[in-house]
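**Q** Let's see this in three dimensions:
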Amino acid sequence: RAPRARASVRRVVALAPPSNPRAHAQKCFLARAALAPSRALRPTARSRAMARATSSGARARDEAEAEDEDEDGMDDEFAESFYVGETECACDVMIIDEDEHEPRVVREENVDVRTLRREMEEDAMAVMTLLLTNEGKSKAVARARGTLPKSMSHCELSVALCSDEYIRSLNAGYREKDSATDVLSFPAESFGPMAVLGDVIVSVDTASAQAREVGHSLRDECRVLLVHGTLHLLGMDHEVSESEAEVMAAAEQEVLKALGWKVTGLTRRASGESTSDSSSTTLTTQRSVLVTDLDGTLLNENSVITPRVADALRRAMASGVEVVVATGKARPAAIKAAATQGLDGIIVGKNTPGVFLQGLEVYGRGGALVYEAKMPEDVTRDAFMMMDDVVHDGLALTAFCGDNCATLAPSVLLDELHHTYHEPASEIAGSVDEILSNNTVRKLLLMGPSKESIDGVRSIWEAAFRGRAEVTQAVADMLEILPLGNDKSKGVRAALKSMDVNPMTDVVAIGDGE
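**A** Numbers count the residues shown, from 1 in each chain. Got it, this is the predicted structure:
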């Protein structure tokens, strides 16, 4: 079992009897060492890492937020205390910032983490208030509340927002699992009249990905993870038994319903056993995954997604289906194609799973690169030499180099590839050596003015590269040359493996071409 973290401290302060306890609590809710002197404060490796990660970022935030200080000079970095009955409470939500030694905070685009922190603070206050008062008179909530003393003078909950990289480091350090998860809980070992519940750590990267899968907002997903993590802090554990999982699922749903949050709890949303062996949580969720091609499948003859197809995709995602694009396109081209119906960043983006360049670049959850392949230099050289043959007059060859393309001669066909098919514009190089020295070639694409022009030379290319490269045809007037042993199906398997998805039971794949 992973060690249960005691308190984590962002700043150590010397305490003197405050003249105004409430104002003092606003600046820094009573130091945990003073709150629980019977449990001497001994920072764990996790808390020391969090302190390091926060220190430099805190200095930067102090300067940036100086203008936002309130009238008494108090910085809004520390949560203001509030009262539930006679209990003084605080919900401290922090952002784990990057410094030169620690992972950066969040990879997700279009996420205002500061706004999310304020929202999470409001939501944590609502959760704590409900748990302490049990206004809905829920039996499951009463059981969770029963783990706390009947009378408390103080109660504190800490929440940290971090990146996949950071939560991965916690998993590696405490659970010997080198993977990112959505939420981890570090409960206190015991509660006294001055109770520190513990820490709930949320990866914004994974939460964003799961929000897209389920079809609700990032805040809703963070609410689900907050409730799940807080119930872990109060002793509930879905991993103990099926009956315990049912109890926790019911408690999650009752808390969410009582707060008016119309979402499904994480335990109920999940199936199977957790992969965690501690009170921290990682669930293997039963996912339905739709793997889909772009050209000729989601895209029409004009290389755009129609409103009808876009609506079908959105309805599928709203019902819990995760959409993964598998295409011969470069990733920037796929994103541009999805943008024709506002689906960029939703079905495909820099932070979503996806298979690109016919399986030569594969990204898993959170946009992490999980597989890549490189074209042998001799294949690239021979391919461009073949273009000197008269049989290839009117055809064009370009090299796909990740997010860029390079060629030796301009062509209206390559212009069409860029403007119609959204592919990167082909930059003109002076020689093959220049292409190879400046780029990592993934694949080669031969383009003709018609299907017949490509059909007429396909056998030549297959003979030239037999045993050295794969020759395939996804679009009628194009021929693609891939590194040997690679194709889209291999890339899809790599993506699904990284996502912990069973390709035999949880996946539907659709597409045309080879």
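
**Q** For V289, see how far away the residue at the greatest distance from the centre of the chain is.
**A** Distance from the centre of the chain peaks at V390, with 49.8 Å (CA atoms, centre = their mean). Counting by CB to CB, to the nearest Å, the gap from V390 to V289 is 47 Å. In short, each C-beta sits where N, CA and C put it, glycine included.

**Q** One more: L408?
**A** For L408 relative to V289 (CB to CB), the value is 40 Å.

**Q** Who has more neighbours out of those two?
**A** Using other CB atoms under 10 Å, the more surrounded residue of L408 and V289 is V289, with 22 against 19.

**Q** Hmm, V507 and the more buried one touching each other?
**A** Yes. If you go by CB atoms under 8 Å, V289 and V507 touch, sitting 4.8 Å apart.

**Q** Now the common contact residues for these two.
**A** 496, 501 (CB atoms under 8 Å, 6 or more residues apart in numbering).

**Q** so what's A209 up against?
**A** 351-352, 365-366.

**Q** so how many other residues sit close to S203?
**A** S203 is flanked by 30 other residues according to other CB under 10 Å.

**Q** Work out the gap between stretch 230-245 and the centre of the chain.
**A** Put simply, stretch 230-245 sits 25 Å off its chain's centre (CA atoms, centre = their mean, to the nearest Å).

**Q** Next, the buried residues of that stretch.
**A** Counting neighbours by 16 or more other CB atoms under 10 Å, one finds that the buried residues in stretch 230-245 are 230-234, 236-239, 245.

**Q** average pLDDT across that stretch?
**A** Stretch 230-245 carries an average pLDDT of 81.

**Q** Mind checking what secondary structure the closest residue in space to V362 that isn't next to it in sequence has?
**A** In space, and not counting its chain neighbours, V362 is closest to Y371: 3.9 Å by CB to CB, 6 or more residues apart in numbering. Following DSSP: H, G, I helix; E, B strand; the rest coil, the label given to Y371 is strand.

**Q** What pLDDT does the model give Y371?
**A** pLDDT, Y371: 95.

**Q** And the one 4 residues further on, by the same measure?
**A** With respect to pLDDT, M375 has a value of 95.

**Q** The closest residue to it other than its chain neighbours: neighbouring residues, count only.
**A** For M375, ignoring the flanking residues on the chain, the nearest one in space by CB to CB, 6+ apart is V441 at 4.2 Å. V441: 23 surrounding residues under other CB under 10 Å.

**Q** so who does V441 touch?
**A** Residues in contact with V441 (CB under 8 Å, 6+ apart) are 374-375, 377, 380, 399-401, 435.

**Q** what does L482 give?
**A** Here L482 is in contact with 358-360, 373, 375, 443, 469-472 (CB under 8 Å, 6+ apart).

**Q** cool, N404 as well?
**A** 424, 427, 439.

**Q** ok, it to L233 distance?
**A** Distance, N404 to L233, using CB to CB: 48 Å.

**Q** And for T181?
**A** 16 Å.

**Q** Over to L482?
**A** Separation of L482 from L233 (CB to CB): 50 Å.

**Q** Next: E122.
**A** Distance from E122 to L233, by CB to CB: 19 Å.

**Q** Then M128?
**A** According to CB to CB, M128 and L233 sit 11 Å apart.

**Q** Give me the residue ranges of this protein where confidence is low.
**A** 1-79, 97-111, 134-138, 140, 189-192, 270-287, 514 (pLDDT under 70).

**Q** domain parsing for it?
**A** Following the assignment in automatic domain parsing, the chain carries domains at 43-65+75-269, 288-373+490-510, 377-485.

**Q** The first one: how far from the chain's middle?
**A** On the basis of CA atoms, centre = their mean, the separation between the geometric centre of domain 43-65+75-269 and that of its chain is 17 Å.

**Q** next one: the second one
**A** Computed by CA atoms, centre = their mean, the separation of domain 288-373+490-510 from the middle of its chain amounts to 15 Å.

**Q** how many other residues sit next to Q253?
**A** By other CB under 10 Å, 18 other residues sit near Q253.

**Q** For it, pull up the helix or strand it's in.
**A** In the assignment (DSSP states H and E), Q253 maps to helix 242-258.

**Q** For the stretch 51-200 of the chain, which segments count as helices?
**A** Counting by DSSP state H, counting those that start in this stretch, the segments of the stretch 51-200 of the chain that form helices are 113-133, 139-145, 164-175.

**Q** With mean neighbour count and distance to G511 as extra columns, can I get those helices in JSON lines?
**A** Below are those laid out as JSON lines (neighbours: other CB atoms under 10 Å; distance: least, CB to CB, whole Å):
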{"stretch": "helix 113-133", "mean neighbour count": "19", "distance to G511": "36"}
{"stretch": "helix 139-145", "mean neighbour count": "18", "distance to G511": "46"}
{"stretch": "helix 164-175", "mean neighbour count": "21", "distance to G511": "29"}
